[in-house]
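Enquirer: Any chance you can model this:
(one chain, ligands or ions: 1)
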Amino acid sequence: MNVLVINCGSSSLKFSVVETESGKDLAKGLFDRLGSKTPGYKLKNVERSTEAEGSLGEGEAHEQALDLLARFLNQPENDNLVVTAVGHRMVHGGEKFTGAALINDETLAAVESCSALAPLHNPSNLLGVRKSLEHFTDLPQVAVFDTAFHQTLSKEAYLYPIPLELYREHGIRRYGFHGSSHKYVTSEAARILGKPLAETNIITIHLGNGCSAAAIENGRSVDTTMGLTPLEGLVMGTRSGDLDPGIIFHLYRSLGMSMEEIDATLNKKSGLLGLSELSNDMRELRQAAADGNENAKLALAVFERRLAKSVASLRASMSKLDAIVFTGGIGENDAVTRSAALRQLAFLGIEMDADANQSAGRGKNGFISTESSKVKAIVIPTNEELMIARETAQHIAD
Ligand code: ADP
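Expert: Reported below is the predicted structural model:
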């Protein structure tokens, strides 16, 4: 089945057409700077190796992007892109969604009620869904949530030690994100390890611009590093990850920062960018560190230390560990991050194969631990779009 996968953000819309059986991307593209003076697009029919690039009119946004996308899919030269369903990436499904959901009025209302939990993401996702419903009137459309995979967490994993009423009345708890990525690499890991999913015990580490790790016991997520929002947990490109919440009061009371400034500081100016005072991009920081930049070295050292600490603490949430899995732009491509983490995590029973680690990634699955290593380490390229497409296809078939 060919599924159109849509990931709609506030100023961008990414899409791909995925053939679910083979896992191939037939087409992919991006509309960016939506609503600005210079919105642009790039559309690619991957199967036919054709590309179109251009700009939308000033101020044009999601409506025009979907209009153009519908026209692109209908062009005679793109007649290989006949889609049967649309799958939407949705960030927050709260406790309401434990899996994918067919989009109808009830689903839309339920997603809207979760918007307070993800004010930056859910409204943009919903806008994409609404416009897509107007453009693809005949196709079934399915919402796939970043949070759904982690709905198997138990209360001791998801409750914050704050007054219980805040959970009961306002849903303040840990939800976890990057669900499609953690779920995809879990099923790939089970296949590579030659184990049934229900007997697969791994820690999945997604390191991209956003970073999170998850403890997967018997194929199900039992703990994860992100929380109510994607700010908790590991150090990320621009997000702080874990910190003493007292810092927020201090910034507010003693330094006179507004809540908006604090929010922007922790979400957009912290993490690798904040510490390095240089960049949020791993490649740039590795280069700067190699050139002797001390702040870049410091940012990377903090990133690595906290990564190892978080993975070690996830281990405490599991009774057995078969493997740890690296994915995401950094996890798949940055051998230095992987070797730093593996060295610090050797006590878990992981023995790194340094040569395999050096040459791993580049779009391929591969072991980076020695054959005798008690716990394996594997690099698995993620494919969130394929996961969303497969969940969409499966949901329609059910
Ligand atoms: P997103 O979370 O936006 O999907 P990605 O998964 O693409 O992001 O990850 C982006 C990160 O991956 C950036 O920090 C980038 O520098 C890093 N990255 C990509 N390729 C490499 C590479 N070859 N070596 C080191 N880091 C890389």
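Enquirer: ok, the residue lying closest to residue 354 once chain neighbours are set aside - contacts?
Expert: Spatial nearest neighbour of residue 354, chain neighbours left out: residue 339 (7.0 Å); criterion: CB to CB, 6 or more residues apart in numbering. The way it works is simple: take the backbone N, C-alpha and C, and place the C-beta from them, glycine included. Shown in contact with residue 339 (CB atoms under 8 Å, 6 or more residues apart in numbering): 352, 354, 357.
Enquirer: State the number of residues packed around the residue of the stretch 251-398 of the chain found nearest the ligand.
Expert: Among all residues of the stretch 251-398 of the chain, residue 329 sits closest to the ligand, at 2.1 Å; criterion: CB to the nearest ligand atom. Around residue 329 there are 18 other residues, counting by other CB atoms under 10 Å.
Enquirer: Check the gap between it and residue 78 for me.
Expert: 29 Å (CB to CB, to the nearest Å).
Enquirer: does residue 107 really touch residue 99, like I thought?
Expert: No: Residue 107 lies out of contact with residue 99 (CB atoms under 8 Å); the separation is 11.9 Å.
Enquirer: Mind checking which of those two has more residues around it?
Expert: The neighbour count for residue 107 versus residue 99, taken as other CB under 10 Å, is higher for residue 107 (20 against 14).
Enquirer: Residue 93 versus that one, what's the distance?
Expert: Distance, residue 107 to residue 93, using CB to CB: 10 Å.
Enquirer: hey, what's in contact with both of those two?
Expert: 101, 143.
Enquirer: The residue of the stretch 251-398 of the chain closest to the ligand is in contact with residue 210, isn't it?
Expert: No: the criterion here is CB under 8 Å, and residue 329 misses it with residue 210 at 10.3 Å.
Enquirer: Let's have the contacts of residue 339 in TSV, adding pLDDT, distance to the ligand and secondary structure.
Expert: Output for the contacts of residue 339, formatted as TSV (pLDDT from 0 to 100; distance: CB to the nearest ligand atom, whole Å; DSSP: H, G, I helix; E, B strand; the rest coil):
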residue	pLDDT	distance to the ligand	secondary structure
352	98	18	strand
354	97	17	helix
357	97	13	helix
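Enquirer: Let's see the PyMOL selection covering just the buried ones among these.
Expert: Buried members of the contacts of residue 339, defined by 16 or more other CB atoms under 10 Å, are picked up in PyMOL with:
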select buried, resi 352+357
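Enquirer: Contacts for stretch 22-40 next, please.
Expert: Stretch 22-40 is contacted by residues 2, 10-19, 41-47, 53-62, 64-65, 68-69, 72-73, 78, 80-81, 383, 385-386 when judged by CB under 8 Å, 6+ apart.
Enquirer: Let's see that with 6 Å instead.
Expert: 11-19, 41-47, 55-56, 58, 60-61, 65, 81, 386 (CB atoms under 6 Å, 6 or more residues apart in numbering).
Enquirer: and what of stretch 157-164?
Expert: Contacting residues not belonging to stretch 157-164 are listed as 173, 174, 223 [CB under 6 Å, 6+ apart].
Enquirer: So which of the residues you listed sit within strands?
Expert: Among the contacts of stretch 157-164, the residues falling in strands (DSSP state E) are residue 223.
Enquirer: Of the contacts of stretch 157-164 - the most surrounded one?
Expert: Ranked by the number of neighbours (other CB under 10 Å), the contacts of stretch 157-164 place residue 223 first, at 25 neighbours.
Enquirer: That one contacts residue 316, doesn't it?
Expert: No: here residue 223 lies out of contact with residue 316, judged by CB atoms under 6 Å, at a distance of 8.7 Å.
Enquirer: how near is the nearest residue to residue 203 once chain neighbours are set aside to residue 88?
Expert: Spatial nearest neighbour of residue 203, excluding adjacent residues (CB to CB, 6+ apart): residue 324 at 4.6 Å. Taking CB to CB as the measure, residue 324 and residue 88 are separated by 31 Å.
Enquirer: quick one on the thing from earlier: what about the residue of the stretch 251-398 of the chain closest to the ligand, which SS state?
Expert: At residue 329 the chain is in helix, as set by DSSP: H, G, I helix; E, B strand; the rest coil.
Enquirer: quick one: contacts for residue 387?
Expert: Going by CB under 6 Å, 6+ apart, residue 387 touches 180, 183, 184.
Enquirer: ok, back up a step: now the residue of the stretch 251-398 of the chain closest to the ligand. Nearest residue, chain neighbours left out?
Expert: The nearest residue in space to residue 329 (CB to CB, 6+ apart) is residue 208, at 4.8 Å.
Enquirer: Burial check on the residue nearest to residue 64 when sequence neighbours are not counted, number of neighbours?
Expert: Leaving aside its sequence neighbours, residue 64 sits nearest to residue 56 (CB to CB, 6+ apart; 5.3 Å). Around residue 56 there are 20 other residues, counting by other CB under 10 Å.
Enquirer: Could you measure from residue 56 over to residue 39?
Expert: Residue 56 is 4 Å from residue 39, where distance means CB to CB.
Enquirer: what about the strands in this protein?
Expert: Here the chain has its strands, by DSSP E, at 2-8, 13-19, 24-32, 40-45, 50-55, 85-90, 101-102, 141-145, 202-207, 211-217, 220-224, 323-327, 366-367, 376-379.
Enquirer: and residue 116, which of these is closest to it?
Expert: strand 85-90 (14.8 Å; CB to CB).
Enquirer: could you dump that closest one to CSV, C-alpha only?
Expert: Extracted in CSV, the C-alpha atoms of strand 85-90 (Å, rounded to 0.1, in the frame of the first residue of the first chain):
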residue,chain,number,x,y,z
ALA,A,85,-4.2,6.6,2.8
VAL,A,86,-2.7,9.5,4.7
GLY,A,87,-0.8,9.0,7.9
HIS,A,88,-0.1,12.1,10.1
ARG,A,89,2.6,12.5,12.7
MET,A,90,1.1,13.8,15.8
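Enquirer: residues from the stretch 201-350 of the chain in reach of the ligand?
Expert: Proximity of the stretch 201-350 of the chain to the ligand (CB under 6 Å from any ligand atom) is limited to residues 208, 209, 210, 237, 281, 282, 283, 328, 329, 330, 333, 334.
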